[in-house]
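Colleague: need a 3D model of the following:
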Amino acid sequence: MKKALITGVNGQDGSYLTEFLLNKGYEVHGIVRRTSSFSRERIDPLQGVNAKNPGKLELHYGDMGDEKNLRKLVEKVRPDEVYNLASQSHVGISFEMPEYSTNVNALGTLRLLEAIHDYAPAARFFQASSSELFGEAEESPQTEQTPFKPNSPYAVAKLYAYWMVVNYRQTYDLHACNGILFNHESPRRGENFVTRKITQTVARISEGLEESLFIGNMGAKRDWGYAPDYVRAMWMMLQQDEAEDFVVATGELHSVRELIEKSFTHIGIQLEWNGVATDEKGIDSKTGKVMVQVNPKYYRPIDIDSVLGDASKIREKLGWEPEVKFDRLVDIMMKADLAVARKHGRDAV
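Modeller: From the prediction side, this is the model:
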């Protein structure tokens, strides 16, 4: 039975990857932070006798800022594969917490690489890198050869981690690779990310639990994929004889405005847009009621207008293809958030 060690196991990607590996019969060791609130709803169904998979899951307390702890865990588990998915993953928050973001995203990766080098040098290592490395890119779409121009503390920290992975691969011959992941979403996405904020709020509006959606830059365009497709790419990257870095993306570009419109269409509301910039409003075409309003506080200090990936390399070399595209992604997220909103609506009665 192969052993995998996953940091950030309770996150969106970590939970889907755990599920994926357990279904393949892996012994999965997940690292979770010790907090006062014991919230592990994403991975709880994967544990114990009720878990419907052939693998085994064991959780360990740990933190990317604790070098001694990470070294102990790697020495104890002796994993065949390591997936570093732990991160301060919110770009906007990184402007408010640059030191913490750097400690976790940059130095945390270094600590983990050092532990692997010392205690599990045969392990294969995956680093969850980010399309934020490209910043305001010089070309579109972005490939593995596109120059990096990070423009947030989050992106700068991720760039450090990216190059440390390359350095350990070249210096110590570790099977270490970067997945340059473009935006990928799901019903398990954190509620402070724009995609989930939109689908959750629209679902709550449908059930009369909220009046309208407040949003930032609706003109921003992103390459949005489905998280389970992306964790499949992570695993495929570690099955290759030679470690390489790959862009993982859908190759489709959609705006925040499109996401909002499709989410409202899902609940039978067609939007009309009035006003410009921060005065723009989305109005229900039938009732005239304001459904969407801009709030400048949700703008980032520096934002990227357009992010589009070219995943030709991973398609050609590994045969990976995204199975879920934009329209279906919105449908999946809206159905899940509507189910939650309806439950909350019934509980409130």
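Colleague: now tell me which helix or strand of the chain has the poorest mean pLDDT.
Modeller: Lowest on mean pLDDT, DSSP states H and E among the helices and strands of the chain sits helix 91-96, with a mean of 87.
Colleague: need the strands for the stretch 151-300 of the chain, in chain order.
Modeller: Using DSSP state E, counting those that start in this stretch, the strands found in the stretch 151-300 of the chain span residues 175-181, 184-185, 213-215, 221-222, 225-226, 246-248, 254-255, 271-274, 281-284, 290-294.
Colleague: E261: which of these is closest?
Modeller: Of all the strands of the stretch 151-300 of the chain, strand 271-274 sits nearest to E261, with 5.7 Å by CB to CB. For every residue, glycine as well, the C-beta is placed using N, CA and C.
Colleague: helices or strands up against the closest one?
Modeller: helix 256-266, strand 281-284 (3 or more CB pairs under 8 Å, 6 or more residues apart in numbering; DSSP states H and E).
Colleague: V82 versus the closest residue to Q240 other than its chain neighbours, what's the distance?
Modeller: Spatial nearest neighbour of Q240, chain neighbours left out: L318 (7.0 Å); criterion: CB to CB, 6 or more residues apart in numbering. From L318 over to V82 the distance is 19 Å, taken as CB to CB, to the nearest Å.
Colleague: and G288, what pLDDT?
Modeller: The predicted structure scores G288 at 96 on the pLDDT scale.
Colleague: count the neighbours of it for me.
Modeller: The tally of other residues near G288 (other CB atoms under 10 Å) stands at 8.
Colleague: for it, phi and psi?
Modeller: The phi and psi torsions at G288 (degrees, to the nearest 10) take the values phi 80, psi 0.
Colleague: do the same with P147
Modeller: With angles defined as degrees, to the nearest 10, P147 sits at phi -60, psi 140.
Colleague: could you list every residue that touches it?
Modeller: Residues touching P147, when contacts are defined by CB atoms under 8 Å, 6 or more residues apart in numbering, comprise F134, A137, E138.
Colleague: picking up where we left off before, what's whichever helix or strand comes after the least confident helix or strand of the chain packed up against?
Modeller: Helices and strands here follow DSSP states H and E; after helix 91-96, the next one along the chain is helix 98-102. Contact partners of helix 98-102 among helices and strands, from 3+ CB pairs under 8 Å, 6+ apart: helix 153-172.
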